[in-house]
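Student: What shape does this take:
(one chain, ligands or ions: 1)
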Amino acid sequence: MSFAHRHLLGIEALGPSDITAILDLAEKYVDLNRGEAKHSEELAGLTQINMFFEASTRTQASFELAGKRLGADVMNMAMQTSSLKKGETLIDTALTLNAMRPDLLVVRHPQSGAVDLLAQKVNCAVLNAGDGRHEHPTQALLDALTIRRAKGRLHRLNVAICGDIAHSRVARSNILLLGKMESRIRLIGPPTLMPAGIREFGVEVFDDMAAGIEGADVVMMLRLQKERMDGGFIPSEREYYHRYGLDAQKLALAAPDAIVMHPGPMNRGVEIDGEIADDINRSVIQEQVEMGVAVRMAAMHLLAQNLRVARFRERARA
Ligand code: NCD
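Tutor: Here you go, the predicted model:
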């Protein structure tokens with residue numbers, strides 16, 4: 001198994017074999033998590049600190065559970081209410097935490113690039129749990145695992161990613177990952193929610209949902225990220241649902257066995273019809289959450305292995 005990385009900051013730095021290594025190991029953790037005793041000792045003795053500078057429910061819970069199941073000491077820092085409010089800079093906070101000698105740092109931050117910056121200042125493994133509109137690598141990996149389990153492969157699939165592409169780190173990481181694994185990507189959404197220059201990523205762009213979704217094997221819906229908008233992106237939520245919300249009629253245009261995905265949290269009745277989200281024959285949304293824990297266990301396992309090797313070499317040199 002090859003995975004020669006110190007941090008997991010984005011999909012951009014990974015090759016197809018890195019992605020496959022994480023997914024293959026994650027499969028083993030899916031089995032473990034489905035068993036009675038969900039424990040392994042892979043991270044025993046190590047300290048994992050979760051720093052979330054932005055609200056999160058499932059990603060933070062998922063990383064916490066993943067660390068605990070691997071035997072790490074896990075600490076959650078509620079960064080929104082912490083010293084940042086008192087004016088401390090990101091770097092000072094990072095250096096303070098670094099002095100507590102964590103081994104794994106899981107970071108979510110509203111600014112693109114903040115997690116990369118932080119990784120340069122600490123001497124532990126850093127995992128990006130979402131930075132601004134930039135990347136959310138573990139989300140793309142858990143999506144990939146979900147797709148691979150449902151479709152048996154990651155190449156030559158037609159994947160439609162629909163909605164608020166412009167504000168979405170989930171879309172960005174998925175575009176990078178699925179491109180590296182040689183699937184075909186179609187982005188669907190209003191031009192106001194399509195990032196400039198996105199065609200350079202080798203994707204097809206549609207503003208008509210019917211045209212974009214036709215024959216798709218995977219339909220990935222995205223949340224309207226209202227907190228990142230300053231008005232004027234959509235006429236109204238009603239109109240948006242009418243044109244881009246996934247309902248039975250639009251889904252009927254996709255491949256007959258197409259799966260429906262959503263990273264959560266969902267706005268039911270805005271980007272997706274609640275009944276489709278709950279349809280266990282089409283929707284893999286709950287499976288995505290399950291795969292999230294397994295993928296995060298795999299990623300932390302591989303990074304911890306590399307950390308141990310790096311530290312061993314450092315000691316040998318000293
Ligand atoms: C996503 C995120 O935070 O980027 N959610 C998640 O991690 N499950 C997507 C979103 O917030 O819409």
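Student: Can you tell me the element the residue of the stretch 101-250 of the chain found nearest the ligand falls in?
Tutor: At 3.4 Å from the ligand, Arg223 is the closest residue in the stretch 101-250 of the chain, using CB to the nearest ligand atom. Any C-beta I mention is one placed from the backbone N, CA and C, and that applies to glycine too. Using DSSP states H and E, Arg223 sits in no helix or strand.
Student: wait, doesn't it sit right on Pro263?
Tutor: Yes. Counting by CB atoms under 8 Å, Arg223 does reach Pro263; the two are 7.2 Å apart.
Student: ok, now which ones touch Leu105?
Tutor: Leu105 sits next to 48-49, 51, 94, 97, 118, 122, 124-127 when contact means CB atoms under 8 Å, 6 or more residues apart in numbering.
Student: Kindly provide the distance from it to Val115.
Tutor: 9 Å (CB to CB, to the nearest Å).
Student: so what's in contact with those two at the same time?
Tutor: Shared contacts of Leu105 and Val115, defined by CB under 8 Å, 6+ apart, are found at Val126.
Student: hmm, who's touching the lowest-mean-pLDDT helix or strand in the chain?
Tutor: One helix or strand of the chain scores below all others by mean pLDDT, DSSP states H and E: helix 90-98, with a mean of 87. The set of residues external to helix 90-98 that reach it, using CB under 8 Å, 6+ apart, is 49, 51, 53, 77, 79, 82-84, 105, 109, 114, 117-118, 121-124.
Student: where does Ala26 fall, phi/psi-wise?
Tutor: Geometry field for Ala26 lists phi and psi as phi -60, psi -30, criterion degrees, to the nearest 10.
Student: okay, now Asp230: neighbour count?
Tutor: By other CB atoms under 10 Å, 5 other residues sit near Asp230.
Student: ok, now Gly15?
Tutor: Counted with other CB under 10 Å, residues neighbouring Gly15 total 12.
Student: which stretches of this structure have low pLDDT?
Tutor: Within the chain, the stretches with pLDDT under 70 are 1, 81-87.
Student: Residue numbers of it in contact with the ligand?
Tutor: Proximity of the chain to the ligand, by CB under 6 Å from any ligand atom, involves residues 58-59, 130, 136, 139, 169-170, 223, 225, 263-264.
Student: change it to 5 Å
Tutor: 59, 130, 136, 170, 223, 263-264 (CB under 5 Å from any ligand atom).
Student: all helices of the stretch 101-250 of the chain, in order?
Tutor: 114-119, 137-151, 169-180, 209-213, 237-244, 248-251 (DSSP state H, counting those that start in this stretch).
Student: other SSEs contacting the longest one?
Tutor: Which is helix 137-151. Packed against helix 137-151 by the contact rule (3 or more CB pairs under 8 Å, 6 or more residues apart in numbering; DSSP states H and E) you find helix 16-34, helix 58-69, strand 125-131, helix 169-180, strand 218-221, strand 259-261, helix 285-317.
Student: Flag every buried residue along the last one.
Tutor: Right, the one you point to is helix 285-317. Residues of helix 285-317 classed as buried: 285, 287-304, 307 (neighbour count, 16 or more other CB atoms under 10 Å).
Student: Between helix 137-151 and that helix, find me the angle.
Tutor: Angle of helix 285-317 versus helix 137-151, following axes from the mean of the first three to the mean of the last three CA atoms, to 10 degrees, is 130 degrees.
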